[in-house]
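S.K.: Fold the following.
(one chain, ligands or ions: 1)
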Amino acid sequence: MEEGKILVTGGAGYIGSHAVRQLVRAGFQVIVLDNLSTGHIKAVDPQAELVIGDVRNLGLLDSVFTRNKIVGVMQFAGKIIVPESVSHPLSYYDDNFTAVISILRAMHTHNCHNIVFSSTAAVYGTSKEPSITEEAPLHPESPYGFSKLAAERLICDCEKAYGIKHCIFRYFNVAGASEDGSIGEAHPVETHLIPVTVNAALTGREMKIFGNDYQTRDGTNLRDYIHVLDLADAHVLGMKMLLEGKDSAIINLGSDKGYTNKEIVETVGEVTGHPVNWTYGPRRAGDADSIVASNKKAKELLGWAPKRDLRQMIQDDVNWRAKHPTLYGRQGNKIPSEDKKRLLNYTASRHYSSFYEDIENHDRDRLRKLRETNKLN
Ligand code: UDP
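M.R.: From the prediction side, this is the model:
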């Protein structure tokens, strides 16, 4: 296996921080690059190196790659909220697509040939299949889904052109936290069903199940949930697969099993011992009746299957919240002095900082020449 470090972009976020921890446990040397727009320093494993900066900053990427032998990249940095992507498509394409251009450009320049990429079941859109395979038609229904599909496509094109190999994971619903309750899901506003329901159980506040007239066994939506640590384990296996020289792959990460929203709410009540205060609300726009992943390919290629069940996901989320009533606390722009010591300081290389400017100047030049040749104004 090729020796060197793994660069984890977005490694201070929910899924990225769990992947960093599992990579460190598996013996990898890890560098996290995160702009902390939604991530938290405290979520980053103390054994990982940490660079605060933006993945779109080619100059910064260039200096990180120049000073370290990076053999693989795990790309988590990006945005994930579907309705927000509808109102802010430019920002979604910028975070989820432009960022991937920068990473691939840096990888190509520095001869790094392995990328593990976070994609999503949203690339399939609404599927009629009871269990979605990787061959299902791709019909994203939101700018979020399209931005991820565009990035997937670019990554595949870069294999043909530059030999950069990939393991693209399409996630289904993710929940849970680390088993010791030290890291977990921490968004300013939780919108996902499991944390919303756990918060309702712990506080007694009311929550709503959106819609009860869907084509499922009890009329509420049915989704496929996997534990964040199972997801993280799959990423470690995916990176090992690439480093061992195996072929690129696009793989679903799910459990091949679905739970309805009502079943989730009931299970949260049982696990916490607090019945959840809930009512039915109207349907939420864009919710498909039922979404379940086939995980046959993950089993075949990675020898991976989820080890942690729904009750474990809920229990771990509860422990994390019980231990962290203010989640990671207020971070703001201030970085506590004990965390400052962990930061690596990189100066963006000049050449790459002006890279996009160069491209624009080049285009302007071409345009000028075209105008001259065609005698246009
Ligand atoms: N949901 C709900 N109440 C909430 C949050 C979510 O009924 O407060 C439902 C949502 O409509 C969907 C399911 O829970 O049917 C899973 O939604 P989530 O946002 O967790 O993940 P998604 O499947 O949209 O990625």
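S.K.: how close does the residue of the chain found nearest the ligand sit to Asn173?
M.R.: The nearest approach of the chain to the ligand comes at Asn221, 3.1 Å away (C-beta to the nearest ligand atom). No exception for glycine: its C-beta is placed from N, CA and C like everyone else's. For Asn221, the distance to Asn173 equals 10 Å [C-beta to C-beta, to the nearest Å].
S.K.: Mind checking which of these two has more residues around it?
M.R.: Asn221 (25 against 20; other C-beta atoms under 10 Å).
S.K.: Isn't the more buried one up against Glu263?
M.R.: No - applying C-beta atoms under 8 Å, one finds Asn221 not in contact with Glu263, separated by 10.6 Å.
S.K.: quick one on the thing from earlier: mind pulling the model confidence for the residue of the chain closest to the ligand?
M.R.: With respect to pLDDT, Asn221 scores 94.
S.K.: got the contact list for it?
M.R.: Residues near Asn221 by C-beta atoms under 8 Å, 6 or more residues apart in numbering: Phe210, Gly211, Tyr214, Thr260, Asn261, Asp287, Ala288, Asp289, Ser290.
S.K.: how about it, phi and psi?
M.R.: Here is the backbone geometry of Asn221 (degrees, to the nearest 10): phi -60, psi 150.
S.K.: Okay, it and Asn261: tell me how far apart.
M.R.: Remark: distance between Asn221 and Asn261 (C-beta to C-beta) = 5 Å.
S.K.: list residues touching both of those two?
M.R.: Phe210.
S.K.: What parts of the stretch 151-300 of the chain come near the ligand?
M.R.: Proximity of the stretch 151-300 of the chain to the ligand, by C-beta under 6 Å from any ligand atom, involves residues 173, 191-193, 196, 207-210, 221, 223, 261, 284, 287.
S.K.: contacting residues for Ile314?
M.R.: Ile314 touches Ala175, Gly176, Ile194, Val198, Thr267, Val268, Val271, Thr272, counting by C-beta under 8 Å, 6+ apart.
S.K.: Can you tell me which of those end up in helices?
M.R.: Assigned to helices by DSSP state H, the following of these qualify: Ile194, Val198, Thr267, Val268, Val271, Thr272.
S.K.: top of these by neighbour count?
M.R.: Val268 leads those on contacts (other C-beta under 10 Å) with 30 neighbours.
S.K.: Read off the pLDDT value for the closest residue to that residue other than its chain neighbours.
M.R.: Sequence neighbours aside, Thr197 is the residue nearest to Val268 in space, at 4.4 Å (criterion: C-beta to C-beta, 6 or more residues apart in numbering). pLDDT, the model's per-residue confidence, is 98 for Thr197.
S.K.: Was I right to think Thr197 contacts Met207?
M.R.: Yes - using C-beta under 8 Å, Thr197 is in contact with Met207, at 6.0 Å.
S.K.: Identify the contacts common to these two.
M.R.: Joint contacts of Thr197 and Met207 (C-beta under 8 Å, 6+ apart) are Val265, Val276, Trp278.
S.K.: returning to what we had before: can I get the buried part of the residues of the stretch 151-300 of the chain next to the ligand as one PyMOL selection?
M.R.: Those of these that count as buried under 16 or more other C-beta atoms under 10 Å are selected in PyMOL with:
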select buried, resi 173+192+193+196+207+209+210+221+223+261+287
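S.K.: Just the ones of the residues of the stretch 151-300 of the chain next to the ligand in strands?
M.R.: Counted as lying in strands by DSSP state E, out of those, are Asn173, Met207, Lys208, Ile209, Phe210, Arg223.
S.K.: Which members of those define the maximum pairwise distance?
M.R.: Asn173 and Lys208 (17.7 Å; C-beta to C-beta).
S.K.: related to what we said a few turns ago, could you point out which of the ones in helices among the contacts of Ile314 is nearest to Thr373?
M.R.: Among the ones in helices among the contacts of Ile314, Ile194 lies closest to Thr373 (C-beta to C-beta), at 61.2 Å.
S.K.: give me every residue that touches that closest one.
M.R.: The contact partners of Ile194, taken as C-beta under 8 Å, 6+ apart, are Asn173, Ala175, Gly176, Tyr225, Ile264, Val268, Met313, Ile314, Asp317.
S.K.: what does Ser248 give?
M.R.: The contact partners of Ser248, by C-beta under 8 Å, 6+ apart, come to Cys156, Glu159, Lys165, His166, Cys167, Leu242.
S.K.: neighbours around Asp339, how many?
M.R.: Based on other C-beta under 10 Å, the number of other residues close to Asp339 is 16.
S.K.: ok, it touching Leu36?
M.R.: No - in this structure Asp339 lies outside contact range of Leu36 using C-beta under 8 Å: 10.6 Å.
S.K.: Just give me the neighbour total for the residue lying closest to His40 once chain neighbours are set aside.
M.R.: Take His40 and drop its neighbours on the chain: the residue closest to it by C-beta to C-beta, 6+ apart is Tyr328, 4.1 Å away. Tyr328: 15 surrounding residues under other C-beta under 10 Å.
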